[in-house]
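Enquirer: with the input below, show me the fold.
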Amino acid sequence: MYPGVSDSPFIFSTYIIIMLSRSQIHIDTAITANVQSVSQVTKLNSNPFQCTYQFGNNHRGLCSISLQNAQIPIGFYNVRAPFNTIVISGTTYTITPGNYTTLALLNAAIVTPGGVALSTLGSFAASSVTGVVTFTAAGGNKSLGPVTPNSLLSFLGYNHTSTTAVAATLTGTYPYTLNWDTYINIWIENIGQSSMEPAQITFKLPLSTLTNNVLYWSVGSQNTQYMEVFNKNVRIDRLNIVVLDRFGTILNNNGLDWSMSFDIESSN
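Expert: Got it, this is the predicted structure:
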């Protein structure tokens, strides 16, 4: 019997072996070298979290991609659009985007319209025991809300039932947080998501660092992030990358560049 041939005179079988090549790709958004007369990294609106990486060589038959490491300076703000508005007595006040790590800083923020300081409308203070926030109005009774999910008032512990009253003091329901960014998502739209779920997540990185620090992630330190690429017929010449918060909003890293390394398997 010959290899690939059945011992039956009527049954033949053929075995095709596809050799896969493995490459490690290093992306640094600070590197602007040209590849084939094209900038290897281009940024949309100068935001490193919205970028395109141009491969030096095209890859076809892409089979898998696995994140090996990432180094990401945290330059995005915790209070930012669309999480920087508060509705007080029917008027929407917009807080200047920035890093507000305490309620005292939040109270001192300038809001619009009219450049009115939040402290002239009232102030937020939290119980040292429960962490529950109370808004104390200035100059008469006030109302808060409506409160929508994943809004600044909801992060301060208020929900739609706790803000229906018009009163001099309005107390939240849950403990507050000003650090609601527990992870970020790297979304490579022309590669796809890491599961059959529709969420725009190629890689998910937990945040254990504070603002103005650097997130370091490496494979095996917390988990392994490997995904198969199901559409193997597409020739890949670039990666379209965005970094999203946990709610699917594109982050602005305020000009701070970042880097990551990953392995790919392809047929070339």
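
Enquirer: could you dump stretch 155-164 to CSV, C-alpha only?
Expert: In CSV, the C-alpha atoms belonging to stretch 155-164 read as follows (Å, rounded to 0.1, in the frame of the first residue of the first chain):
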residue,chain,number,x,y,z
PHE,A,155,-20.9,55.9,39.8
LEU,A,156,-21.6,58.2,42.8
GLY,A,157,-24.0,55.6,44.1
TYR,A,158,-27.3,57.1,42.9
ASN,A,159,-30.1,55.3,41.0
HIS,A,160,-33.4,56.4,39.6
THR,A,161,-35.3,55.7,42.8
SER,A,162,-32.9,57.6,45.1
THR,A,163,-33.1,60.9,43.2
THR,A,164,-36.8,61.4,42.7
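
Enquirer: average model confidence for that stretch?
Expert: Looking at stretch 155-164 alone, the average pLDDT works out to 82.

Enquirer: isn't Lys43 right up against Ala30?
Expert: No - at 10.3 Å, Lys43 and Ala30 do not qualify as touching, with contact defined as Cβ atoms under 8 Å. The C-beta positions use only the backbone N, C-alpha and C, and glycine is treated the same way.

Enquirer: those two: who's more crowded?
Expert: Neighbours of Lys43 and Ala30, each counted by other Cβ atoms under 10 Å, are more numerous for Lys43; the result is 16 against 10.

Enquirer: which helix or strand contains the more buried one?
Expert: Mapping Lys43 onto the secondary structure by DSSP states H and E places it in strand 41-44.

Enquirer: report the buried residues of stretch 172-192.
Expert: Taking 16 or more other Cβ atoms under 10 Å as the neighbour-count basis, stretch 172-192 is seen to contain the buried residues 172, 174, 176, 178, 180-181, 184-188, 191-192.

Enquirer: do stretch 100-119 as well
Expert: Going by 16+ other Cβ under 10 Å, stretch 100-119 has these buried residues: Tyr100, Leu103, Leu106, Asn107, Ala109, Val111, Leu118.

Enquirer: the residues you listed in helices, which ones?
Expert: The members of those that map onto helices under DSSP state H are Leu103, Leu106, Asn107.

Enquirer: ok, those residues vs Ile201, which is closest?
Expert: Out of those, the one with the shortest distance to Ile201 is Leu106. That distance is 30.0 Å, counting by Cβ to Cβ.

Enquirer: show me what contacts the closest one?
Expert: Taking Cβ atoms under 8 Å, 6 or more residues apart in numbering as the definition of contact, the neighbours of Leu106 are Val79, Ile95, Tyr100, Leu118, Phe124, Leu178.

Enquirer: try it again with 7 Å
Expert: Under the criterion of Cβ atoms under 7 Å, 6 or more residues apart in numbering, the contact partners of Leu106 comprise Tyr100, Phe124.

Enquirer: what of Ile74?
Expert: Residues in contact with Ile74, defined by Cβ under 7 Å, 6+ apart, are Thr209, Thr211, Asn212, Asn213, Val214, Leu215.
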